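>>> Let's see this in three dimensions:
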Amino acid sequence: MKKIIEESLENSYTYKEFSALVRGLLDENKATGHIQSEALTNYSLLNDKRMKRLNKTIQINATTIAEIKKINEPQTWLVLTEGWCGDAAQNLPVIHKIAAANKQINLQLVLRDDQEDLMNLFLTNGAQAIPKLLILDKQNNVLQTWEPRPTIATKMVADYKARHGALDPEFKKDLQIWYNKNKGQNVQDDFVALIKNLKRKDA
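Modelled structure (predicted):
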């Protein structure tokens, strides 16, 4: 596992580099990933606009900052993602700002389709769901993971699937509305809980 992680890190992007990659591909009417389609390109264009807006508007609260600042050893936060992923576009700007609150945290992103071996080590209910975040220590051991959606959204998805069998466009629209109203607070709550859990393990 560690070899796969380290090889992925060698092909990773900073948040700024990832954003530039997505925009560069959009200039060529392309999306990230091994499959190209008009739909994926349109999703990428929408997500690029969404991330630009969230980069300006997302606020990290004092509780989150205080907890993140308690990290006193180097960590790498490695995220599997793609430019066309709607959940990634909503969550990455929040994760980026959380990571920026502590210089001990190095946020790096990799493309899921380019790192399939890594993705297959960290499936969610058997699926290559993204974004998937791995918290690594300075020896690149996995300390903790974070699922593709914040906890409230994850429950929304599970409940809807239980009632209807699959997600449909109506639900996906409702999910985006929830993201817009929540303004990244659930992601922050999740990460505060993650850090507290890591500290309990270290104690």
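
>>> helices or strands next to the helix or strand of the chain with the lowest mean pLDDT in the packing?
Taking mean pLDDT, DSSP states H and E as the measure, the chain has helix 185-202 as its least confident helix or strand, at a mean of 90. Secondary-structure packing of helix 185-202 (3 or more Cβ pairs under 8 Å, 6 or more residues apart in numbering; DSSP states H and E): helix 62-68, helix 86-99, strand 142-146, helix 151-164. (C-beta placed from N, C-alpha, C; glycine too.)

>>> quick one: strands adjacent to the shortest one?
Strands flanking strand 142-146 in the sheet, each with its direction: strand 132-136 (antiparallel) (DSSP bridges).

>>> so the partner strand versus helix 86-99, what angle?
When axes from the mean of the first three to the mean of the last three Cα atoms, to 10 degrees is applied, the directions of strand 132-136 and helix 86-99 differ by 30 degrees.

>>> I'd like to check what contacts strand 132-136. Which residues are they?
Strand 132-136 is contacted by residues 5, 75-81, 95, 112, 119, 122, 124, 142-148, 194, 198 when judged by Cβ atoms under 8 Å, 6 or more residues apart in numbering.

>>> Residue ranges in the protein under the pLDDT threshold?
Along the chain, the parts satisfying pLDDT under 70 run over 203.

>>> Quick check, central residue of it?
The centroid of the chain falls nearest to Pro131 when counting by Cα atoms, centre = their mean (3.8 Å).

>>> residues contacting that one?
79-81, 85, 87-88, 91-92, 95, 148.

>>> now, the most widely separated pair of those residues?
Largest separation among those by Cβ to Cβ: Cys85 and Ile95, giving 13.1 Å.

>>> With neighbour numbers in mind, choose between the two.
Taking neighbours as other Cβ atoms under 10 Å, Cys85 and Ile95 compare with Ile95 leading, 26 against 23.

>>> pretty sure that one is touching Leu107, no?
Yes: if you go by Cβ atoms under 8 Å, Ile95 and Leu107 touch, sitting 6.9 Å apart.
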